[in-house]
Each structure stands twice: as C-alpha cells, then as structure tokens.
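# pasted the sequence and its predicted model underneath.
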Amino acid sequence: MPEEDSKIDHYVLEYRRTNFEGPPRAKEDQPWMVVEGIKGTEYTLSGLRFDMKFMNFRVRACNKAVAGEFSEPWLSPAFTFRLDASTCHQNLRVEELSVEWDGTGGKLQDVKAREKDGKGRTASPANSPAR
C-alpha cells in the first residue's frame, strides 16, 4: 500500500484466464487483458467469463511520468459453482456439469407427490429456494 505522500497517480491491472496452475507461462493461449487508470487500491472486475480453471493477475503503480515494474503474478482459482437439482425449476434437468430444459416438466410428478404429502413448496417468497 502506498503511503499518503506517495507520488503514485494510478495503477494498471492485467489479468488473463489459464488452465495452468503455477506461474504464467512464456507463451499463453490467452492474452493479458488491461485495466488502466485505477485510482484506488481496490478494484472490482466485472463481466468475467470463467471458462478456464484459473485467473492470473499482476499490477503496477504509475506516476504521471513513468510506470513501475509489474508485481509478481498471482494465481487465483476461477469462480466455480454447482446447480442443485432439488431446488431448480421443475423443467430443468440438472446433471453434474450440464443443464437441459425438459419441456415435459420432468420433475412435475415428483413435485406433485411432495405437495400431496405436505412436503411441497409454499407460496411464500420467504421460502423460495431462489432467495
């Protein structure tokens, strides 16, 4: 973190997607993406596509005349999540890494059976699994 009387004007952040764990390789498939003009010491990236296993990041500080050296790159696992078949829409068929729309309402019979037994969903938004 720079001291308050620092001459740092802004930061440059570079990142890229990779499937390789460890330091960046000399020849990567993905180019470095650049975010310039960051004024604070925190920044939120948005619109990322997590189609690879990891993300590489590096940053450098700049003053009005020159940019410093990049930091050592650091590796972060890409965001991952799983869909829960028991709480998804009744027409979605969720299997390990795939989701398919089932126009016949594949889980409809299961939902009706649970409602009949008093174990179905309630109409209250507070009990909604999407909450």
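On my side now, so go ahead. Numbers count the residues shown, from 1 in each chain.

# how near is the residue lying closest to residue 77 once chain neighbours are set aside to residue 18?
Leaving aside its sequence neighbours, residue 77 sits nearest to residue 54 (CB to CB, 6 or more residues apart in numbering; 5.9 Å). For the C-beta atoms, the positions are set from N, CA and C on the backbone; glycine is no exception. Noted for residue 54: a distance of 5 Å to residue 18, by CB to CB, to the nearest Å.

# same drill for the two, tell me which one is more crowded.
residue 18 (19 against 16; other CB atoms under 10 Å).

# was I right about that one contacting residue 55?
Yes: when contacts are counted by CB atoms under 8 Å, residue 18 is listed as touching residue 55 (7.4 Å).

# quick one: residues contacting the residue nearest to residue 77.
17-21, 75-78 (CB atoms under 8 Å, 6 or more residues apart in numbering).

# picking that back up, between residue 18 and residue 55, which contacts overlap?
residue 75.
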